[in-house]
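# Mind folding the following:
(2 chains)
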2 protein chains.
Amino acid sequence: MIYIGVDLGGTNIAVGLVSESGTILRKGETPTLLERGPIPIIQDMGRLALKLLEDVGLTVDDVRAVGVGVPGVVNSETGAIAFCPNLRWHNVDLIPILQEIIEKPIYIENDGTVAGLAESVAGASKGVKNSIFLTLGTGIGGGIVIDRKIYSGTHHVGSELGHMVIKFDGRECGCGFRGCWEQYASATALIRMGREAATAQPNSAILRLAGGDLEKIEAKTVIDAAREGDPEALAVYDEYIGYLAIGILNLINSFDPEIICLGGGLSRAGEFLLNPLREKLKPMIFYKDLPYASIKLATLGNDAGIIGAAMLGR
Amino acid sequence: MIYIGVDLGGTNIAVGLVSESGTILRKGETPTLLERGPIPIIQDMGRLALKLLEDVGLTVDDVRAVGVGVPGVVNSETGAIAFCPNLRWHNVDLIPILQEIIEKPIYIENDGTVAGLAESVAGASKGVKNSIFLTLGTGIGGGIVIDRKIYSGTHHVGSELGHMVIKFDGRECGCGFRGCWEQYASATALIRMGREAATAQPNSAILRLAGGDLEKIEAKTVIDAAREGDPEALAVYDEYIGYLAIGILNLINSFDPEIICLGGGLSRAGEFLLNPLREKLKPMIFYKDLPYASIKLATLGNDAGIIGAAMLGR
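As a prediction, this is how the structure comes out:
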C-alpha cells in the first residue's frame, strides 16, 4: 500500500506517491492558478495523483490514504479548510471534492505541521519523540511533534509559532497584532533589515551584491555580504540571529524538545546560520548544567511537504 | 489503594493521602526548615506520610505510590532533583532517601507541572485533553497537560513558561536572561508596578490602602485600589493585564489548549482578573472566527500540589 501526499502552495500543487517509510516513489506538479478558485484546484490534485499512479502501474486500490498540506488552518469541528490567508480561501470543504476523484480517507493539516511530521519520520528529527520544525521563509511556520505524533492543538490553530510575541509593542504583524517573532526572524525580516542597512550605508557590500538596487536585496544577499565580512551585513546578521535565538529559547523553555530543526529558504545558509545561533542561544539558557534541544538543519527540503502530507494517513 | 502526594515548599512540607479520583482523604504539614539541608527534610516527608496513614488506620501496604512536587527541575537522566533555586538544592537524590522510609515507587515532578496535573484530574480542566495551568505568584509557573498526560519535555526542563521572553531586551530576570514574562505578569511584577505608581503619585489609593508604607504594597493592594476605581491603580492593573494577555496569547498560538487555568495568589482576584483579561486577549487572537482556549480560574487552590503529586503515580 502507498500514500498520496499533496503539498498545496500558492504557485504550484505538488503531489507524490510515498511509501510506508516516507520515501517518495514518484512526484509531479502542476500550477495552482489561484484565480480559478478552490474547486478546479482540488480536482487537479486528484487528477495529478491518478496520473502518477498510472505512470507507475498502480491504481487507487493500492492507495491507503491521501494527505493534503495547506498553508492555513483546518477547522477541527467541520474538517474543512478554515482559512488560508495566502490563497484567500475561507471555509473550503476540500474532502468531498477530492473524494469524488479518489475515494479514500483524506487528511488535511497545516503545511508547517506537515513538514515537521516529515522531518520526524524521514528527516532531521527521525525517530525522535519530541521535536519542533521551523520554516524560516516569508513568515515563520512551525510544526510540532509530541510523542512521535503531530501536535496541532485543540482547535487546529496551534503551532502558529511565528506569531509568538517576542517584542512587546513591537512591529505590526499581518495577524493583526504586534511584535510577533516572524516580524524579526523570518527571511522577510532579514531582507527588511538588510535594505535598511544598505540605505543607511550605501557603501555596504549588501548593496553592491544586489547590483546597487535596494529592491534586489534578498536574505541571501545579506548572508553573502556577511560571509565576505562586510561590517554592516555582519551587524544586521548578528541582530537577526539574536531575534531568531530568542524565539527558539521560548520554544525550549516551553516545549523542551529534543531537536529543533530549521527549514525554509534561510536554512540554506547551513553552518553559517547554525554556528552563531548556537552561540547566541547558550548564555540565554536557564538551567545551564542540563541538556537542551539540539538545533539542526532540516534535511528533506521541498519534499517535506509531500512526505509529511502522505504520512498523515499512516 | 491510595496515593501519597508531597508538596515541597520553602516554608512547609505538605503531605496528603489521596484517592484514585484525586480526593484528599487526610493531609498534614510540617515546617521545611531549609537550613537543615535536604536529608532531614526528605525524611520528614516520609515520617509525616506514615503518621497520616496511622491516623486513618492504613499502612504502607495500602499505598500504591508516592509523588513529590518540587519547586525546580528533575534531571531526567538520573531521576535526581537537578536544581531548586529557592531551596538552594543542587543534584539531590531524593528517591533512595524517601524509599528507606516508604518502600514504594516514587515519582518527582516540578510543582507547577504537578498542579496542572491536579487541575486536569480534579479541578478546572478536569477531563480536558490539552490544558495549561499557570501559577501567578512570586514568579510564573506552568503545568502543561497534553493528551491527558503531563508534558514536561524531553529533558524535564519544559513548561518554564514564566521564562518565555515577551519583551526583547527587557528587564533582567533571575534566570540570567532578559525580558521574561514573569518580570511583567507575576504578582511580584504587579507589586513593583504598584510601588512605582505610588511613588510617582503619593495621593493614589494604592499608597493609602498600604497605610502609607510603600513596602506594604502587595498585589492585593493594587487590585483593591483598582476595584475602588483609583486611576493610578487602574492604569497599573490595565498594563499588568496587557502583559498577562500577551503571554497567554503566545501559549494559544503555540499550544492551542482547550483551557488555560490560572492559579496562584493573583488568581484570587477572580472575575476582576478574568473579565479584563478576556477582553484584552480577544483582539490579539489571529484566527478570529475560530474557537480558542477558555481562560478559567483554578479550583483546587493550595491542595493542587498534594493532589497532583499523588496523581503522578496513577
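
# Let me see the contact set for whatever residue of the stretch 1-150 of chain A ends up closest to chain B.
Going by C-beta to the nearest C-beta, chain B is nearest to A:Asn130 of the stretch 1-150 of chain A, at 5.0 Å. C-beta coordinates here come from the backbone N, C-alpha and C atoms, glycine included. A:Asn130 makes contacts with A:145-147, A:255-258, B:153-154, as judged by C-beta atoms under 8 Å, 6 or more residues apart in numbering or on different chains.

# got a pLDDT number for it?
pLDDT, A:Asn130: 97.

# go on, the one 4 residues further on?
The pLDDT attached to A:Leu134 in the predicted structure is 97.

# Contacts only, for it.
A:Leu134 touches A:112, A:140-143, A:161, A:248, A:260-264, counting by C-beta under 8 Å, 6+ apart.

# Recalculate using a threshold of 10 Å.
A:112, A:115-116, A:140-143, A:159, A:161-162, A:181, A:185-186, A:244, A:247-248, A:251, A:260-264, A:266-267, A:295, A:298 (C-beta atoms under 10 Å, 6 or more residues apart in numbering or on different chains).

# likewise A:Asn110?
A:69-74, A:81, A:84, A:116, A:141-143, A:150, A:152, A:156-160.

# from those, which are also near chain B?
A:72-74, A:142, A:152, A:156-160 (C-beta under 10 Å from any C-beta of the partner chain).

# so how far does stretch A:201-215 reach from one end to the other?
15 Å (C-alpha to C-alpha, to the nearest Å).

# Counting neighbours, which bits of it end up buried?
For stretch A:201-215, the neighbour count (16 or more other C-beta atoms under 10 Å in any protein chain shown) marks A:201, A:204-207, A:209-210 as buried.

# on that earlier part again, phi and psi next, for the residue of the stretch 1-150 of chain A closest to chain B.
phi -120, psi 120 (degrees, to the nearest 10).

# tell me the SS of the residue of the stretch 101-250 of chain A found nearest chain B?
The stretch 101-250 of chain A approaches chain B most closely through A:Gly153 (2.4 Å), counting by C-beta to the nearest C-beta. Secondary structure for A:Gly153, judged by DSSP: H, G, I helix; E, B strand; the rest coil, is coil.

# Contacts only, for the residue in the stretch 201-314 of chain A that chain B sits nearest to.
Of all residues in the stretch 201-314 of chain A, A:Asp256 sits closest to chain B, at 2.4 Å by C-beta to the nearest C-beta. By C-beta under 10 Å, 6+ apart, the residues touching A:Asp256 are A:130, A:287, A:290-293, B:73, B:76, B:144, B:151-160.

# from those, which would you call buried?
Counted by 16+ other C-beta under 10 Å, the contacts of A:Asp256 give A:130, A:287, A:290, A:292-293, B:73, B:76, B:144, B:151-160 as buried.

# on that earlier part again, how about the residue of the stretch 201-314 of chain A closest to chain B: what's its closest non-neighbour residue?
Spatial nearest neighbour of A:Asp256, chain neighbours left out: B:Gly153 (2.4 Å); criterion: C-beta to C-beta, 6 or more residues apart in numbering or on different chains.

# residues in contact with the one you found?
Counted by C-beta under 10 Å, 6+ apart, B:Gly153 has contacts A:130, A:146, A:252-258, A:292-293, B:73, B:76, B:113, B:144, B:159-160.
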